[in-house]
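In: Fold the following, please.
(chains A and B)
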Amino acid sequence: MKIGKKIRLERKRIGLTLEGLAAEVGFSSYQTLSSIEKGKKKIKVSELDKIARALGLTVSYLIGEEERGEERVVWRKCTDEAKCKRYENKLIALCKNYKKLAELVGHRYKKFVPPGIEELQKENYENDFDFASDLAEEWSKRLELGRYPGNNLLDALKQENILVFCEDLGTFGSAASLVGDFGAAILLNEKDMPWRRTFDISHELFHLITWNIYSPDEIYDDEKRGRSNPEKYANAFAASLLLPEKSLKDEIENRNNKEALSLVDIIEIAVKFKVSIQYLTWRLENLLTFSKLWEEMREKVFNGLDFEEIRKHPQIQQLNRLRRDEEPYIPRLPEIYVNQALKAYIKGRISKLKLADYLNIRYVEMSSFLHRYSYPDIEELSLEGLSA
Amino acid sequence: MKVFLLDADVIIWCAENNKLDALFKNRSIKLPQKIFEEVDYKQDPVTQEKHGIDLRKYIEDGCLEVIDSVFSETIKKVRKTYKICPQLAEIQDGEIECIALLMKNPEYKFCTGDVPAMRVVGFYGLSEQAISLEKLVGKIKGLRDDFKQKCMTKNLKIGSSLRAQYFDKL
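Out: Residues are numbered from 1 along each chain as shown, chains lettered A, B, ... in the order given. Model (predicted):
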């Protein structure tokens, strides 16, 4: 397919008008773009680059060096389809880059492959909530998440080669998950609170594990249709994964045996498990309903408020906001991606300027970028592949 | 008159070391748009403060012209070089454009400190059209090794020898 035709196809696929894309790219008139799309005007190098960026695609794809695969992206919440599609393109391009970089350095990584339906044995369960809960227990063991899973989750996903990207999705989109020939990836919203992102990772992990069970049409959470069942199961999975029943009960009982629980204990436990106070309270209510301990906690810690009241309480919301700065941020690009790009550079498979492209940064930002990932300056990295 | 094409690393290094005048003055320099956009600021690696690189005065003086090539078959060919010859690295689009320009314009010379780009220049038999920063502006104290003529010569040679090896695939 010719470049112009492909641009037109991709522009329409993400719902952008000629005028819209032309303005984003910086054309003074949409006629220029129209002529390019119709093949009447030859495209310039910088125009091609800008159009590819605006569509979230790579130049390689637009000129036919790369093909679109069978990738599928599942969004949790998406209020602006055009913007979500653009991020989908970007996410797919980054994942394809990861695969390409691995191929360039001859690294055969073990891709994450969603388990088959038979393997998951869902038919053994009467209800899907029990299935989700047991699945969480099984995966917690498999990923060796330990007593406080939220602290180890991101590292554990690295071992599974699940790429976790972070982007500013504003208010139009929540997290997304993706499976393709490169493996699997999760996209988070960097605007979300850190504990929200921990929750999002575990929620999306459920979708990746159950990729072959629930179809994308079954997964939605919006104002019109409400929350679909698979979304509820994903939440149940996330709750069981991040706040395992035994660890949580032990934590509560140990503290309660020493002295009566206070709000400080609840905050500390939430920090330890990397979840919000509201989420912790919700889980506790689920696990301890009708128990003497829960009634005591409600009375003494939350002045008799019920869960809904606790969740909306301004003081509790403020406490969560205050925690924002204490939590480490999740970098935009996963460490395993950055490492792969650096390996390709060190082995002489990509130039340092191309490295900047792969890292989605300007060449001048290289030093500060590498420092953030605890690497030295680019010039200090050994160029063993280039010294021959 | 010789026309010089510059890579982004050359401009950024010169900007960081107050050598832009030495680089641009009394020369005819062309910069692909892609590279021009890459070098609009420099960044302090410690404070992360951004400082603009103002190349407008060189444009006004007529020393610098920003160009934007039509995406051509030649560019497509250079893009694929690392696939044809696995010993070579994938290089950036601005560098690819420069090398494609060298192929069509024998009077052009390309100045880069990027080792993989030097090798691709050698690979396409364009060694005569490559120039190191050291050779272009003369000896400068603190010049990085990859901007020295020794590095350029060595890597052009590597590219040339690969050319002989892969000649049938070119």
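In: Next, the contact list for A:Leu187, please.
Out: Applying C-beta atoms under 8 Å, 6 or more residues apart in numbering or on different chains to A:Leu187 gives the contacts A:87, A:91, A:165-167, A:169, A:175-178. Every C-beta, even on glycine, is put in place using the N, C-alpha and C of the backbone.
In: Quickly note the distance from A:Ile277 to A:Gln317.
Out: 9 Å (C-beta to C-beta, to the nearest Å).
In: Please identify which of these two sits among more neighbours.
Out: More neighbours surround A:Ile277 than the other of A:Ile277 and A:Gln317, with 23 against 14 (other C-beta atoms under 10 Å in any protein chain shown).
In: Moving C-terminal from the worst-scoring helix or strand of chain A on mean pLDDT, which element do we reach first?
Out: Confidence across the helices and strands of chain A bottoms out at helix A:314-323, with a mean of 72, counting by mean pLDDT, DSSP states H and E. Note on helix A:314-323: by DSSP states H and E, the next helix or strand toward the C-terminus is helix A:335-346.
In: got a list of what the spatially closest residue to A:Asp265 that is not a sequence neighbour touches?
Out: Distances taken as C-beta to C-beta, 6 or more residues apart in numbering or on different chains place A:Arg255 nearest to A:Asp265, at 5.1 Å, with adjacent residues excluded. Applying C-beta under 8 Å, 6+ apart to A:Arg255 gives the contacts A:261, A:265, A:269.
In: Centre of the chain to the helix or strand that A:Arg255 is a member of, how far?
Out: If you go by DSSP H and E, A:Arg255 is part of helix A:245-258. Relative to its chain's centre, helix A:245-258 lies at 31 Å (C-alpha atoms, centre = their mean, to the nearest Å).
In: Stretch A:307-316 now?
Out: So, by C-alpha atoms, centre = their mean, the centroid of stretch A:307-316 is 27 Å from its chain's centroid.
In: As CSV, could you dump the C-alpha coordinates of that stretch?
Out: Only the C-alpha atoms of stretch A:307-316 are listed here, as CSV (Å, rounded to 0.1, in the frame of the first residue of the first chain):
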residue,chain,number,x,y,z
PHE,A,307,-17.7,1.4,54.2
GLU,A,308,-19.4,3.9,51.8
GLU,A,309,-19.1,6.6,54.3
ILE,A,310,-15.4,5.8,55.0
ARG,A,311,-14.7,5.7,51.3
LYS,A,312,-16.1,9.2,50.7
HIS,A,313,-14.8,10.7,53.9
PRO,A,314,-12.8,13.9,53.0
GLN,A,315,-10.3,13.2,55.8
ILE,A,316,-9.5,9.7,54.4
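In: Give me the contacts around stretch A:99-119.
Out: With C-beta under 8 Å, 6+ apart as the criterion, stretch A:99-119 contacts A:160-162, A:179, A:181-184, A:208-213, A:337, A:340-341, A:343-344, A:347, A:349-350, A:358, B:90.
In: among those, which ones are buried?
Out: Using 16 or more other C-beta atoms under 10 Å in any protein chain shown as the burial test, the contacts of stretch A:99-119 include A:160-162, A:179, A:182-184, A:208-211, A:213, A:337, A:340-341, A:343-344, A:347, A:349-350, A:358, B:90 as buried.
In: In helices only, show me those.
Out: Judged by DSSP state H, the subset of those located in helices is A:208-209, A:337, A:340-341, A:343-344, A:358.
In: Which two of those residues have the greatest separation?
Out: Taking C-beta to C-beta, the two most distant members of those are A:Ile209 and A:Ala344; they sit 30.0 Å apart.
In: quick one: contacts of stretch B:76-94?
Out: Applying C-beta under 8 Å, 6+ apart, the contact partners of stretch B:76-94 are A:45, A:49, A:59-60, A:63, A:65, A:104, A:348-351, A:353-354, A:356-357, B:7-8, B:32, B:34-35, B:38, B:96, B:99-100, B:103, B:114, B:116-117, B:119-120, B:123-124, B:159, B:162, B:165-166, B:169-170.
In: burial of residue 81, as a residue count?
Out: Because you didn't say which chain, this covers chain A. Neighbour count for A:Glu81, taken as other C-beta under 10 Å: 14.
In: should've been chain B
Out: 23.
In: Now do it, the pLDDT please.
Out: You'll see B:Thr81 listed with a pLDDT of 96.
In: A:Glu71 now?
Out: pLDDT, read off for A:Glu71, is 87.
In: check contacts around the closest residue to it other than its chain neighbours.
Out: The shortest distance from A:Glu71 to any non-neighbouring residue, by C-beta to C-beta, 6+ apart, is to A:Gly180 (3.7 Å). Contact analysis of A:Gly180 by C-beta under 8 Å, 6+ apart lists A:69-72, A:92, A:95-96.
In: And B:Leu23, by the same measure?
Out: B:Leu23 sits in contact with B:6, B:10-11, B:14, B:29, B:133, B:136-137, where contact means C-beta under 8 Å, 6+ apart.
In: Which of those fall in helices?
Out: Short answer: the contacts of B:Leu23 in helices (DSSP H) are B:10-11, B:14, B:133, B:136-137.
In: and which of those residues is nearest to chain A?
Out: Taking C-beta to the nearest C-beta as the measure, chain A lies nearest B:Ile11 of the ones in helices among the contacts of B:Leu23, at 9.9 Å.
In: Let me see the ranges of the strands in the chain.
Out: Reading this off chain A. Using DSSP state E, the strands assigned to chain A run over residues A:72-75, A:162-167, A:176-180, A:183-189, A:221-222, A:226-227.
In: Oops, wrong one, chain B.
Out: B:3-6, B:28-32, B:41-43, B:50-52, B:64-67, B:108-111, B:130-131.
In: The last one and chain A, any residue contact?
Out: No. Residues of strand B:130-131 are not located near chain A by C-beta under 8 Å from any C-beta of the partner chain, the shortest gap being 14.6 Å.
In: partners of that strand, with directions?
Out: Its sheet considered, strand B:130-131 pairs with strand B:108-111 (parallel) by DSSP bridges.
In: picking up where we left off before, make TSV from the ones in helices among the buried ones among the contacts of stretch A:99-119 and add pLDDT and distance to A:Leu21 to it.
Out: Listed next are those as TSV, based on pLDDT from 0 to 100; distance: C-beta to C-beta, whole Å:
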residue	pLDDT	distance to A:Leu21
A:Leu208	97	32
A:Ile209	97	37
A:Tyr337	95	28
A:Gln340	94	31
A:Ala341	95	29
A:Lys343	92	35
A:Ala344	93	31
A:Tyr358	95	25
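In: Tell me which residues touch the residue in the stretch 201-350 of chain A positioned nearest to chain B, please.
Out: Nearest residue of the stretch 201-350 of chain A to chain B: A:Ile350, at 4.7 Å (C-beta to the nearest C-beta). Counting by C-beta under 8 Å, 6+ apart, A:Ile350 touches A:101, A:104, A:341, A:344, A:358, B:89-91, B:116.
In: Chain B contacts on chain A?
Out: Counting by C-beta under 8 Å from any C-beta, the residues of chain A that sit close to chain B are A:3, A:42-49, A:59-60, A:63, A:65, A:104, A:348-354, A:356-357, A:362-365, A:367-368, A:371, A:377, A:379, A:383, A:386, A:388.
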